[in-house]
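Visitor: my questions are about this predicted structure, shown below with the sequence.
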Amino acid sequence: MEAATEVIPKVKRKAKQKWMTEEILNLMEERRCAKGNKEKNEQIHKKVQEKCNMSKENWINEKCKEIQQQRKHAPQTMYRNIEEITGKRTFLSSGCLKAMNGDIIIDKQKILERWAEYIRELFKDDRKDHNIMKNNFAGPPIMKEEVETAIKKMKRGKATGSDNISVELIEALEDFGIGKVTHLLNEIYDTGQIPIDLSKSIFIALPKKPGATECELHRTISLMRHITKILLKIIMLRIRNKIKPEIAEELRIFRR
């Protein structure tokens, strides 16, 4: 056996996932060898899980950055990276689109106009106009602590809107960045007017199957500015804190 061990080469263990590192593979081998020792096996298993979670998160963040850079200049590579992350097959656009009457559109400007028409119809609000209350029921101003809490609750590595300002950038600017965002959000709160730029989103259309020409056969992804997301998160948290006392104890298990 000793001679066989020395002469026969060991089969190198291959990573099943692209984010698995050599360190993780070695730990998995240690865990396999420690099957007879329950305590040691559990300790190594815990370490493997921690390393896997960290490595996978870092890998996904890097891929998201690549996708963001490839959005304009390398769409084919972008689709491959999306498929790699999600595990779902993505398809390239056919380069043309059908109008509402069924005519095929090839002109780029007309394709954009058709997408604008489809998006407006998709998100059309058919609700009746509500009567605007004339009395001023202004609440407390938005505090820095609220902005910080909202930022902490937001996911990292998400694509930015047209301003390319991410929550990570705002967070990196520390007190200066938080202060600027707080001032801007209070101006919106006081005036009741959201700047046009902050209310705009970038829509990306991903075909659900090859050669898709109908708008309905595309998956639309909306890229919203992160400052707008912070404002919405603050509003949501305020509403949640307001209604929390009104929710019966037995129903709170359903609240996310």
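Guide: Great, that's in hand.

Visitor: okay, CA-based contacts and neighbour counts for the rest of this
Guide: Noted.

Visitor: gap between Gly139 and Asn241?
Guide: Distance of Gly139 to Asn241, computed by C-alpha to C-alpha, to the nearest Å: 14 Å.

Visitor: repeat that for Gly177.
Guide: For Gly177, the distance to Asn241 - C-alpha to C-alpha - is 26 Å.

Visitor: the two: which has the busier surroundings?
Guide: Gly177 (14 against 10; other C-alpha atoms under 10 Å).

Visitor: correct me if wrong: the more buried one contacts Ile170.
Guide: Yes. Between Gly177 and Ile170 there is a contact under C-alpha atoms under 8 Å: 5.1 Å.

Visitor: low-scoring stretches of the stretch 51-200 of the chain, by residue?
Guide: Applying pLDDT under 70 to the stretch 51-200 of the chain flags residues 71-76, 78-79, 81, 83-94, 129-138.

Visitor: all helices for it, in order.
Guide: Assigned by DSSP state H, counting those that start in this stretch, the helices in the stretch 51-200 of the chain fall at 75-86, 108-122, 144-153, 167-172, 174-191, 196-199.

Visitor: can you put those helices in a markdown table and add distance to Ile234?
Guide: Formatted as a markdown table, the helices of the stretch 51-200 of the chain follow (distance: least, C-alpha to C-alpha, whole Å):
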| stretch | distance to Ile234 |
| --- | --- |
| helix 75-86 | 29 |
| helix 108-122 | 27 |
| helix 144-153 | 6 |
| helix 167-172 | 14 |
| helix 174-191 | 10 |
| helix 196-199 | 15 |
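
Visitor: so for Pro207, which of these sits nearest?
Guide: helix 75-86 (10.2 Å; C-alpha to C-alpha).

Visitor: against Gly161, how distant is Ile202?
Guide: 6 Å.

Visitor: shared neighbours, these two?
Guide: Common neighbours of Ile202 and Gly161, using C-alpha atoms under 8 Å, 6 or more residues apart in numbering, are 223-224.

Visitor: of these two, give the one with the bigger neighbour count.
Guide: Higher neighbour count among Ile202 and Gly161: Gly161, with 21 against 13, using other C-alpha under 10 Å.

Visitor: residues contacting that one?
Guide: Contacts of Gly161 by C-alpha under 8 Å, 6+ apart are 201-202, 223-226.

Visitor: again, 10 Å this time
Guide: 197-198, 200-203, 222-228 (C-alpha atoms under 10 Å, 6 or more residues apart in numbering).

Visitor: please pick the buried ones from the residues you listed.
Guide: 198, 201, 203, 223-228 (16 or more other C-alpha atoms under 10 Å).

Visitor: these in helices, which ones?
Guide: Residues of the buried ones among the contacts of Gly161 located in helices (DSSP state H): 198, 226-228.

Visitor: which pair of the residues you listed spans the longest distance?
Guide: Leu198 and His226 (9.0 Å).

Visitor: that older thread, of the buried ones among the contacts of Gly161, closest to Leu97?
Guide: Phe203 (15.8 Å).

Visitor: domain ranges for this protein?
Guide: 17-84, 140-254 (automatic domain parsing).

Visitor: nearest to Trp115, out of those?
Guide: Comparing those by their distance to Trp115 (C-alpha to C-alpha), the top pick is domain 140-254, with 7.3 Å.
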